[in-house]
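Novice: Provided below are the primary sequence and the corresponding predicted coordinates.
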Amino acid sequence: MAGELVLVIDDSPTIVKVVQLVLTKAGFDVRAAPDGEAGLELARAQPPALILLDFVMPRMNGYQFCREASADERLRDVPIVLMSAKGDQVGERFVKVMGIVDYITKPFSPEAITAVVQHTIAKYNRTRPEGAATRPAPPEEEVADPAQARTAALARMRDRIAGVVGARIAALFALADAARTGDDHASVPTDAAAIADATRAALDDATLASLISDVTSVGDAAGLRGDLRVVPLAEVLQLLDVQEQSGILSVERGGARVEIHFRRGRIEQALATGVPDEYLLGRFVLDSEQMSRGDFEGFLESRQAGGRLIGAQLVKLGYLSDGDLKASLARQTCELVYEILRWRFGRFHFAAGAELPAPAVQAALELDVEAILMEGFRRVDEWHLIERAIDDFDLVFLRNEDAVAQMGRGRLTREELAILEQVNGKNSVKDIIRKSRMGSFEVSKMLYRLLSIKLVRRRVMPVAV
């Protein structure tokens with residue numbers, strides 16, 4: 001089943017990016033199309049083993065795609081799994097019609113989409129149409145000779161590059177396939193410089209320049225470094241995950257610095273300096289109600305500077321259990337990664353093999369990069385919507401008292417009510433974040449909802465004439 005071709009048809013770049021990341025790591029060959037028309041063209045050119053199909057799309061929606069596919073002799077037996085959002089009125093009534101054999105509701109976890117794809121392909125593999133693409137599985141035998149071992153390492157590097165960048169570098173898939181099948185007549189690079197040249201020839205995307213430096217330093221522990229305006233952080237995290245790297249990834253912007261500590265491709269902990277107070281551990285301890293605000297403030301007042309870390313002190317004093325502390329550290333780490341995924345500029349540097357600091361070793365969170373990226377991509381999408389209405393944290397909002405009275409406060413969550421109370425025509429968004437002790441994403445998201453249902457409005461400053 002490894003190497004089967006999966007076609008993803010979705011107009012959301014986030015969904016496409018996540019599915020490509022997850023399924024490529026699981027060993028599938030993933031191609032993508034932004035709408036039904038483009039997807040139909042790709043499927044007809046090379047029938048896949050499975051199609052993951054969005055329902056609501058421009059140009060040709062999921063229903064129209066299924067109608068066209070069912071009329072095509074080469075595609076009518078290709079199983080289709082529908083990816084529907086929670087609000088889409090689809091589900092059971094579309095399953096078992098026109099090639100749709102199952103459906104999955106967005107947002108989904110990496111484990112869920114992988115399980116659905118593996119199960120569906122295994123179930124319908126016997127009926128896969130002739131010509132449906134697979135890639136030969138890599139050889140399993142051990143390579144003992146040093147020269148052969150280096151050649152094998154370079155071949156794996158080609159695979160990793162192909163997995164990260166997907167369909168954009170199809171030429172490298174051909175190189176990797178030729179290496180696996182042992183085609184003596186194929187022109188297959190066998191040294192790092194030649195692979196780097198092949199990468200340059202196959203890519204015209206400047207955002208992947210860092211991969212070339214990684215290829216040319218096979219066996220070199222120098223690591224990666226670059227500019228976030230050229231290489232998005234998500235691609236760096238994906239690469240470290242795929243390669244199961246260990247070391248420290250440092251990301252800096254202005255006076256803020258976040259260090260992400262990796263061990264075998266999983267995140268042990270993230271530590272930060274120069275970031276807002278909302279990312280301090282205390283916020284997550286209070287959010288989870290592991291301590292009362294009064295107890296925590298009393299602890300801070302009596303705490304001596306220069307001693308143990310706050311988390312270790314709270315455990316020693318009996319305020320938190322080891323499990324409570326680990327849960328709070330995991331939330332803190334995830335929130336830090338979500339935040340820097342939004343950074344559009346800054347610098348990064350990965351020190352491969354660097355010794356992790358004692359707090360990261362003790363935390364040992366072992367967080368899955370795929371799961372963090374899944375939620376991070378979703379938040380980035382939401383931020384894009386929110387920022388259209390809340391583009392400055394110095395904005396001030398007013399309550400629409402008549403609308404609040406008409407709607408009734410009982411229809412709002414406790415958190416939304418807390419934010420609404422802070423909207424008084426004086427507090428800026430920055431003030432509300434600070435006073436509520438919530439994260440900027442949560443506060444902005446709630447303000448965006450209150451704004452969209454017209455319970456609050458921007459305060460318009462008078463203009464001198």
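Specialist: Received the coordinates, thanks. Numbering: from 1, shown residues only.

Novice: what's the straight distance from one end of stretch 61-76 to the other?
Specialist: 17 Å (Cα to Cα, to the nearest Å).

Novice: Please identify the buried residues of that stretch?
Specialist: By 16 or more other Cβ atoms under 10 Å, the buried positions in stretch 61-76 come out as 61, 62, 63, 65, 66, 68, 69, 70, 75. For the C-beta atoms, the positions are set from N, CA and C on the backbone; glycine is no exception.

Novice: from the middle of its chain, how far away would that stretch be?
Specialist: Computed by Cα atoms, centre = their mean, to the nearest Å, the chain-centroid distance of stretch 61-76 equals 31 Å.

Novice: now stretch 361-375
Specialist: That offset, for stretch 361-375, works out to 11 Å (Cα atoms, centre = their mean).

Novice: How about residues contacting that stretch?
Specialist: 18, 21-22, 25, 107, 109-110, 234, 237-238, 240-241, 263, 265-269, 326, 329-330, 333-334, 337-338, 341 (Cβ atoms under 8 Å, 6 or more residues apart in numbering).

Novice: returning to what we had before: tell me which entries of the buried residues of stretch 61-76 lie within strands.
Specialist: Applying DSSP state E to the buried residues of stretch 61-76, no entry is found in strands.

Novice: and the chain, what are its domains?
Specialist: 5-127, 146-220, 233-378, 390-458 (automatic domain parsing).

Novice: The ones you listed: which one's closest to residue 226?
Specialist: Evaluated over these, closeness to residue 226 peaks at domain 146-220, with 4.7 Å, by Cβ to Cβ.

Novice: just checking, residue 275 is part of a helix?
Specialist: No. Per DSSP: H, G, I helix; E, B strand; the rest coil, residue 275 lies outside any helix segment and is coil.

Novice: one step back: tell me which entries of the contacts of stretch 361-375 lie within strands.
Specialist: Going by DSSP E, the strands hold 263, 266, 267, 268, 269 from the contacts of stretch 361-375.

Novice: could those residues go into CSV alongside neighbour count, distance to residue 428 and pLDDT?
Specialist: Listed next are these as CSV, based on neighbours: other Cβ atoms under 10 Å; distance: Cβ to Cβ, whole Å; pLDDT from 0 to 100:
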residue, neighbour count, distance to residue 428, pLDDT
263, 18, 41, 94
266, 18, 39, 94
267, 25, 33, 96
268, 24, 36, 96
269, 25, 32, 95
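
Novice: Let me know the closest of the residues you listed to residue 102.
Specialist: residue 266 (29.9 Å).

Novice: Now do the phi/psi pair for the closest residue to the closest one other than its chain neighbours.
Specialist: Spatial nearest neighbour of residue 266, chain neighbours left out: residue 366 (4.7 Å); criterion: Cβ to Cβ, 6 or more residues apart in numbering. With angles defined as degrees, to the nearest 10, residue 366 sits at phi 50, psi 50.

Novice: State the distance from residue 366 to residue 250.
Specialist: 20 Å (Cβ to Cβ, to the nearest Å).

Novice: can you check residue 52 too?
Specialist: Counting by Cβ to Cβ, the gap from residue 52 to residue 250 is 36 Å.

Novice: The two: which has the busier surroundings?
Specialist: residue 52 (26 against 16; other Cβ atoms under 10 Å).

Novice: In terms of helix, strand or coil, where does the more buried one fall?
Specialist: Going by three-state DSSP: residue 52 is strand.

Novice: if I read this right, it contacts residue 81, doesn't it?
Specialist: Yes. Counting by Cβ atoms under 8 Å, residue 52 does reach residue 81; the two are 5.3 Å apart.
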